[in-house]
Every structure is written in structure tokens, then in C-alpha cells.
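K.L.:
What follows is a protein structure lacking sequence information:
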């Protein structure tokens, strides 16, 4: 993950590191890895992914999480499983943390059903 983040300009590196820290604080037991060539956190399965692109960062919390936080995410461009945050606007780190904690609960609940 360090190599992935270091490949971007300093301003984007700062955003990616803060997203990483937000996820780590919200899911301290999650494991960091690279999956689909992007930073990924796993906790009882896939938890969330994030990535940087020209002009925005993408956060992949699963379609169910995007649906659950639809109102809070309404101002951002979204697709089925991804939210795009423009790098020239404030990144909603608190919201990212809330979504990650929701995903932890989802994965724990899913694990109990199996």
C-alpha cells in the first residue's frame, strides 16, 4: 500500500494516507492488502477499497453501503459500488469512517449467518 500511495503527487498522497488512517481507525482489526491493484482492507471478507485517479479519489464500500448512506453521499458522483470524491474539494473523512464501521457490522452479521 505504501508503494501505491507514493506513486501519486504529494497532495494526493496526503488524501490517500488520511483515508487509510480513517479506515484503520474505524476498523482496527482489518488487514491491509492490495487487491485489483488498489489498496484494500479486509475484515471477514472484503471491507473497502480506495484508489486515486486524475482529479478524484474513489472509495469502494459496496453497493449496500452506498445505498445505506445515500443521503450523505448525494452530492458526490456515484455508481453501483463506488463513490468519487474530487481532490479539489474537502474529503468527507468522518463519513468514510461511518461507512467503514457500517461495513464492519455488515461483515460481522454476514459471518454469523454462515
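P.N.:
All right, it came through fine. Computed from a predicted structure; not experimentally measured. Residues are numbered from 1 along each chain as shown.

K.L.:
So in the protein, which strand runs the longest?
P.N.:
Criterion DSSP state E: the longest strand present in the chain is strand 46-53.

K.L.:
Now find how far off-centre the next helix-or-strand element following that one is within its chain.
P.N.:
Of the helices and strands lying after strand 46-53 in sequence (DSSP states H and E), the nearest is strand 56-60. Here strand 56-60 is found 7 Å from its chain centre; the criterion is Cα atoms, centre = their mean, to the nearest Å.

K.L.:
what's the longest strand of the chain packed up against?
P.N.:
helix 10-26, strand 38-42, strand 56-60, helix 93-113 (3 or more Cβ pairs under 8 Å, 6 or more residues apart in numbering; DSSP states H and E). Heads up, the C-betas are built off the backbone N, CA and C, glycines and all.

K.L.:
is it possible to export these to JSON lines including mean pLDDT, mean neighbour count and distance to residue 70?
P.N.:
Putting the helices and strands packed on strand 46-53 into JSON lines (pLDDT from 0 to 100; neighbours: other Cβ atoms under 10 Å; distance: least, Cβ to Cβ, whole Å) gives the following:
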{"stretch": "helix 10-26", "mean pLDDT": "97", "mean neighbour count": "17", "distance to residue 70": "19"}
{"stretch": "strand 38-42", "mean pLDDT": "98", "mean neighbour count": "20", "distance to residue 70": "22"}
{"stretch": "strand 56-60", "mean pLDDT": "98", "mean neighbour count": "21", "distance to residue 70": "14"}
{"stretch": "helix 93-113", "mean pLDDT": "91", "mean neighbour count": "16", "distance to residue 70": "11"}
